[in-house]
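Trainee: I'll drop the sequence and a predicted model, then ask my questions.
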Amino acid sequence: MTDSAVDLSRLWDVVIIGTGMGGATVGRELALRGLNVLFVERGKAVRPGRAISDAPVAPEERVAAGWWPHPVSQRREDGTRDRFFAPVGCALGGSSIHYAAALERMAPSDFDALPTAHGVLPPWVTSFDEFLPYYHRAEQLFRVSGLPGTGSELRFSAWDRALMERLRERGLNPEPLHVAMQYDEGCLECIGVVCPRGCKADARTVCLDEALRQRDCAVLDECEVLALDSDRSRVTGVRARRHGREIEVRARIVVLSAGAMHSPQILLQSANAHWPHGLANSSDQVGRNLMFHTTDIFAVFAPRRLDRRARQKKSISLRDFYVHEGRRLGYVQSLGLDAGAGLIAVHFKNQLRRRGVRHERLLSALVKLPVLVAARVLGEASLFVGATEDDPDPENRIFLDPEEPNGAGFNYVIREDLRQRANALHDLLRRNLHPWKLYRLSDDLPMNYGHPSGTCRFGDDPSTSVLDRNCRAHDIENLYVVDSSFMPRSGAVNPSLTIAANALRVAPRIAAAVAAQPA
């Protein structure tokens, strides 16, 4: 159903806010069960072909390109603020339309209890074994390649094969990277761009489009959610602004999936007489325990010239140091990208933006010479990323800030323990690669601001969590959250597969909740 046909006066079975991995996946499941579903999305459909290095700055241009329109604002310990554009999508399909499609499972240890500086974090209320069938289903749904028995390593270049051989000589266990790409003859391996062919499986092409083909399902795009209206125990309406006009939609069940930075923002903006500190926030946990993991970029050089031509460049993953000698060091994977001038320019510009340079023409001028030098030096390198899990900290949080164009900011302090573990991962990788060369491109520990999690975590105790084990708000009987907000641990891998698996897990519970509502 097109948005022009949406009846705003009707009572929907389910309204889903956000069409990324969580919202689109759960919506598809509910639509296939015959429920009428309305998706509400801040962005719109994005045409393919826009590269990540072409990301614009003006809000309207960013939305047209599928990116969140406003910079995020990070408040530092000294009271200063840092504003920058996070790699967060704003489009039909959410961030997944841009993603590089690496879909990896979290480790079993990520589900265990975790000692931190703030006490022992209890284990997940659902076990890794409980998640396994949903991981399997999500991998099938998103057509993940690289799984055992698929022969993905046959697509690797001589360069990749030699690197894997070297790692195995060191007693390590490199594996083919699990990627949601078909790698057919025409595959362009659309890393960081919207795929024009549909061979990259994202939330829009796999889930949202199928949901919208079902009877009585629709989407309202270019629709900004302002707040959820509620009484003491239920959401009574979703207030939004669309094309300059305020509207309200109603549903038996409301599913929030706007991302771990924006879902808590919506809840905090929904404060009322019943919920003076934010909707579903009797625990004071909404927005707290914001987590990212590191995104440490390495350039890797072979000791001799090797053929790097291959259909699959996003090829290798390494988990041997995920937990090493009792320490959570992290995960390494190939980015599938060469150290070319475009990517080096993005890296240098981001470093300058973090130091306060905002004028785009000045940025381009400042990086021109360093980019030329670096591209010449790094031209034979392939890029890898090391990811190290950060710990949940209640003081790392989303907060409302009316002075910000986005309406909110966040606190985030990088602790010394995280730096030490990221450094240990780098050192181990460098030693085990020799005589291959590894050059660390990051001059400070970079965090992956495109992978937030944890701000509405689930748990059995309503005093320390926002959601129950089925991702329903403890306080509000018809409100669910299915993005990465629910996660009590960030892990060291892209959270997309876990988000999709969790959406598949909770969809039957949401369907049952709809069935239990009065007609």
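Mentor: That came through fine.
Trainee: remind me which residues of this structure are low pLDDT?
Mentor: By pLDDT under 70, the weakly predicted segments of the chain are 1-4, 49-55, 149-154, 338-351, 353-356, 358-360, 367-368, 370-380, 519.
Trainee: for it, what's the longest strand?
Mentor: When the chain is parsed with DSSP state E, its longest strand is strand 245-256.
Trainee: quickly run through the sheet partners of that one, with directions.
Mentor: Next to strand 245-256 in the sheet, as set by DSSP bridges, lie strand 11-17 (parallel), strand 235-242 (antiparallel), strand 479-481 (parallel).
Trainee: next SSE after the helix or strand where E165 lies?
Mentor: In this assignment (DSSP states H and E), E165 forms part of helix 158-169. Moving toward the C-terminus from helix 158-169, the next helix or strand (DSSP H and E) is strand 175-176.
Trainee: mind listing what's buried in stretch 401-421?
Mentor: D401, E404, N406, G407, A408, G409, F410, N411, Y412, I414, L418, R421 (16 or more other Cβ atoms under 10 Å). All C-beta spots, glycine's among them, are computed from the backbone N, C-alpha and C.
Trainee: so what's the closest residue to S95 other than its chain neighbours up against?
Mentor: Once flanking residues are discounted, S95 sits nearest to G89: 3.4 Å by Cβ to Cβ, 6 or more residues apart in numbering. Contact partners of G89, counting by Cβ atoms under 8 Å, 6 or more residues apart in numbering, are G20, G43, G66, W67, W68, S95, S96, I97, H98.
Trainee: report the contact partners of the residue nearest to M447 when sequence neighbours are not counted.
Mentor: Excluding the flanking residues, the one nearest M447 by Cβ to Cβ, 6+ apart is F292, at 4.3 Å. When contacts are counted by Cβ under 8 Å, 6+ apart, F292 touches D390, Y412, M447, N448, Y449, H451, P452, S453, S490.
Trainee: next one: R204
Mentor: By Cβ under 8 Å, 6+ apart, the residues touching R204 are T19, A24, A45, A91, L92, G93, S96, I97.
Trainee: just R288 next, same as before
Mentor: Counting by Cβ under 8 Å, 6+ apart, R288 makes contact with P394, E395, N396, R397, T455.
Trainee: hang on, the first one in a strand?
Mentor: Just to be clear, that refers to P394. No. Checked against DSSP: H, G, I helix; E, B strand; the rest coil, P394 lies outside a strand; its state is coil.
Trainee: which of the contacts of R204 sits closest to V254?
Mentor: T19 (14.7 Å; Cβ to Cβ).
Trainee: state the distance from the closest one to A91.
Mentor: For T19, the distance to A91 (Cβ to Cβ, to the nearest Å) stands at 8 Å.
Trainee: and for the two, which residues touch both?
Mentor: Taking Cβ under 8 Å, 6+ apart as the criterion, T19 and A91 both touch E41, R204.
Trainee: of these two, who's got more company?
Mentor: T19 (32 against 28; other Cβ atoms under 10 Å).
Trainee: ok, now which ones touch the closest residue to the more buried one other than its chain neighbours?
Mentor: In space, and not counting its chain neighbours, T19 is closest to E41: 4.7 Å by Cβ to Cβ, 6+ apart. By Cβ under 8 Å, 6+ apart, the contact list for E41 reads G18, T19, A91, L92, V219, L220, D221, E222, C223.
Trainee: dump the residue contacts of the residue nearest to R311 when sequence neighbours are not counted.
Mentor: Excluding its sequence neighbours, the residue lying closest to R311 (Cβ to Cβ, 6+ apart) is R155, at 5.0 Å. By Cβ under 8 Å, 6+ apart, the contact set of R155 is Y183, A310, R311, Q312, S315.
Trainee: dump these into CSV; add secondary structure, neighbour count and distance to L362 as well.
Mentor: Converted to CSV, the contacts of R155 look like this (DSSP: H, G, I helix; E, B strand; the rest coil; neighbours: other Cβ atoms under 10 Å; distance: Cβ to Cβ, whole Å):
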residue, secondary structure, neighbour count, distance to L362
Y183, coil, 19, 41
A310, coil, 18, 38
R311, coil, 16, 40
Q312, coil, 24, 38
S315, coil, 27, 37
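Trainee: closest to L479 among those residues?
Mentor: Y183 (39.9 Å).
Trainee: so that closest one makes contact with V144?
Mentor: No. Using Cβ atoms under 8 Å, Y183 is not in contact with V144, being 11.3 Å away.
Trainee: what count of nearby residues applies to R232?
Mentor: Neighbour number of R232 under other Cβ under 10 Å is 10.
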